[in-house]
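> model this:
(2 chains)
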Amino acid sequence: DVKVTQSSRYLVKRTGEKVFLECVQDMDHENMFWYRQDPGLGLRLIYFSYDVKMKEKGDIPEGYSVSREKKERFSLILESASTNQTSMYLCASRVSGFGGYTFGSGTRLTVV
Amino acid sequence: ELKVEQNPLFLSMQEGKNYTIYCNYSTTSDRLYWYRQDPGKSLESLFVLLSNGAVKQEGRLMASLDTKARLSTLHITAAVHDLSATYFCAVDLNSNYQLIWGAGTKLIIKP
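Below is the predicted model:
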């Protein structure tokens, strides 16, 4: 069964901390994505990557960075967490050109 | 800029009724996806529609795609409480990596 695995389901971090959210897929997909989801705002794309070491900004990249050193792993980094980054974070992957996304189970991050 | 609009955004209905969720998009595409999200959970794939006139059905849900009208529908037949969820459509731009998402339709089915 193909999978996208996010390392944590729930995280609580303090304001100003550097936060790493990890995502690993076992499907050999080229493309990986990070979204955040907030009530009433739908899915908003933070960053995506179409290849190892390649990244593109999405709609709301401010305050975030990403890393993709290996094809199967895409990390989201909150450089200095703030309370307005409290959200559900969803990682997804897809094969190039065709097919929908496969989502991870999500990480609910609370910044206090 | 591609826009994807779902309506309604919220729907409360009684068990046993039929209803349709609409997904309109603003530019040419022949690939559209439907997802389901339960409260507090991630998104799961429901249907993949890859050509004009495509129709897919699973249980009480049926999805269709009209690429000329730039419209997809998700039809619910004889709704049951277990179908309560938020439903998203997403459109594939043919020359892009990412899907463009609708805002989601929150469906509540009352016993």
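
> ok, residues contacting stretch B:73-83?
B:13-23, B:34, B:46-47, B:60-64, B:87, B:89, B:107, B:109-111 (C-beta atoms under 8 Å, 6 or more residues apart in numbering or on different chains). The way it works is simple: take the backbone N, C-alpha and C, and place the C-beta from them, glycine included.

> now do the strands in the chain.
No chain in the question, so chain A it is. With strands called from DSSP state E, chain A shows them at A:4-6, A:10-13, A:19-25, A:31-38, A:42-51, A:54-57, A:64-70, A:73-78, A:87-94, A:102-103, A:107-111.

> oops, chain B please
Taking DSSP E to define them, one finds strands in chain B at B:4-7, B:10-14, B:19-25, B:32-37, B:43-49, B:55-58, B:61-66, B:71-76, B:85-92, B:99-101, B:105-110.

> could I get the pLDDT score of the closest residue to B:D66 other than its chain neighbours?
Spatial nearest neighbour of B:D66, chain neighbours left out: B:N52 (6.7 Å); criterion: C-beta to C-beta, 6 or more residues apart in numbering or on different chains. pLDDT for B:N52: 87.

> isn't B:N52 up against B:S29?
No - with contacts counted by C-beta atoms under 8 Å, B:N52 stays clear of B:S29, the gap being 10.5 Å.

> give the residues shared as contacts by those two.
B:T67.

> give me the pLDDT for residue 100.
No chain specified, so I'll use chain A. So A:G100 comes in at 86 (pLDDT).

> please go with chain B instead
We note a pLDDT of 91 for B:I100 in this prediction.

> and it, what is it in contact with?
Contact analysis of B:I100 by C-beta under 8 Å, 6+ apart lists B:L2, B:K3, B:V4, B:Y25, B:A90, B:V91, B:D92, B:L93.

> follow-up on the earlier one: okay, the strands of chain B in a markdown table with distance to A:L41 next?
Output for the strands of chain B, formatted as a markdown table (distance: least, C-beta to C-beta, whole Å):
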| stretch | distance to A:L41 |
| --- | --- |
| strand B:4-7 | 14 |
| strand B:10-14 | 15 |
| strand B:19-25 | 18 |
| strand B:32-37 | 14 |
| strand B:43-49 | 15 |
| strand B:55-58 | 28 |
| strand B:61-66 | 25 |
| strand B:71-76 | 21 |
| strand B:85-92 | 13 |
| strand B:99-101 | 11 |
| strand B:105-110 | 13 |
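
> okay, B:N52 and B:S29: which has more neighbours?
For B:N52 versus B:S29, neighbours defined as other C-beta atoms under 10 Å in any protein chain shown are more numerous around B:S29 (19 against 11).
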